[in-house]
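A.B. asks: Could you look at this predicted model? Sequence included:
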Amino acid sequence: MKRLLMASAVALLALVSFAPAASARGAVFVRPYVGVGIYPGFYGFYGPYGPYGWYGPGYYYAPNAGEVEISTKQKGNQIFVDGGFAGLTGQLKKFPLRAGTHNLELRDPNGKTFYQEQINVIAGKKLKIQSDYAK
């Protein structure tokens, strides 16, 4: 009995750890249903919901992240977002980033910062950044 309880607790913890964080998920918006139907007679041939049935409200998903695209002539420079390494120019051309204000840095292979900017990412939009650095 104790082993079964322990195994189920471990399985539950594993399942919860794979669930995405609530802040990383997008928002779900509800579009209300507004429509006009023709109902011949007392519901007639088509029934109470008209010839095409009742569609109800529409649900659609809105992302909680924007996209950042970095274009530069030099390849192999380091990209840092909020102090953390994100990738190298040439390999990482565009990447998703959560909406909000972030610090973006581009560093040469020696670690010297040549581009630094505070960017504002908007959900569902693409932010293009162009940096031309002559060594």
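C.D. replies: Great, that's in hand.
A.B. asks: What helix or strand is residue 124 located in?
C.D. replies: Assignment of secondary structure by DSSP states H and E places residue 124 within no helix or strand.
A.B. asks: Could you pull up the residues touching residue 105?
C.D. replies: Applying C-beta atoms under 8 Å, 6 or more residues apart in numbering, we find residue 105 in contact with 79, 80, 81, 113, 115, 116. (Each C-beta comes from the backbone N, C-alpha and C, glycine too.)
A.B. asks: Neighbour-wise, give me the winner out of those residues.
C.D. replies: residue 79 (22 neighbours; other C-beta atoms under 10 Å).
A.B. asks: and whichever strand or helix holds it, what does it pack onto?
C.D. replies: Using DSSP H and E, residue 79 falls within strand 78-81. Of the remaining helices and strands, those touching strand 78-81 by 3 or more C-beta pairs under 8 Å, 6 or more residues apart in numbering; DSSP states H and E are strand 84-88, strand 100-107.
A.B. asks: For residue 67, which three-state class applies?
C.D. replies: For residue 67, the reduced secondary structure class is strand; criterion used: DSSP: H, G, I helix; E, B strand; the rest coil.
A.B. asks: just to revisit the earlier point, okay, the helices and strands packed on strand 78-81, which one's buried deepest?
C.D. replies: Highest mean neighbour count of these: strand 100-107, a mean of 16 (counted as mean count of other C-beta atoms under 10 Å).
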